[in-house]
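1. Next input, structure requested:
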Amino acid sequence: MKKALPSVVESTINRCLPLGEVRARAMFGGHGLYFEEVMFALEAENLLYLKADKETEQYFLDARCSPFSYQGKTAPVKMSYWTVPPAAADNQEEYLVWIERAISAAKRTRQKRTRKTKG
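-> Got it, this is the predicted structure:
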């Protein structure tokens with residue numbers, strides 16, 4: 001029997017339907033959310049975090065979002081995923097703007113990694 005997805009994951013998949021198919025994959029006690037084979041969001045403890053990069057991080061800072069972090073061996077480790085702004089959580093159009101921003105950041109990050117391994 002397949003384990004049910006957390007509500008935030010199911011909700012995100014449903015809210016992203018206008019963009020296309022979003023898949024969820026269990027990982028490290030949470031879930032990664034994928035669009036066109038790039039991970040653009042992660043769920044941890046039923047909270048959604050969106051991918052950011054140098055081009056988009058300031059948007060998350062300006063919206064007073066919180067970064068995802070976990071306790072490493074010696075110190076907390078901050079990752080480039082940020083909470084969804086509260087204003088976007090209640091507004092579908094704005095929510096999709098943030099989702100698209102995260103997808104773009106994930107694609108740019110993947111392109112940079114691909115160039116490094118080929119170069």
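2. Now name the helix or strand holding the residue nearest the centre of the chain.
-> With distances taken as C-alpha atoms, centre = their mean, the chain has Ala41 as the residue nearest its mean C-alpha position (1.7 Å). Using DSSP states H and E, Ala41 maps to strand 38-44.
3. What are the boundaries of the helices in the protein?
-> Listed from the start of the chain, the chain has helices (DSSP state H) covering 7-15, 57-62, 86-89, 92-118.
4. quick revisit: against which helices or strands is the strand holding Ala41 packed?
-> Applying 3 or more C-beta pairs under 8 Å, 6 or more residues apart in numbering; DSSP states H and E, one finds that strand 38-44 makes contact with helix 7-15, strand 30-35, strand 47-51, helix 92-118. Glycine gets a C-beta too; all of them are placed from N, C-alpha and C.
5. let's see 10 Å
-> helix 7-15, strand 22-27, strand 30-35, strand 47-51, strand 67-71, strand 76-83, helix 92-118 (3 or more C-beta pairs under 10 Å, 6 or more residues apart in numbering; DSSP states H and E).
6. For that strand, what does the pLDDT average out to?
-> Mean pLDDT, taken over the full extent of strand 38-44, equals 97.
7. Can you check what angle separates it from strand 47-51?
-> Note on geometry: by axes from the mean of the first three to the mean of the last three C-alpha atoms, to 10 degrees, strand 38-44 and strand 47-51 are set 150 degrees apart in direction.
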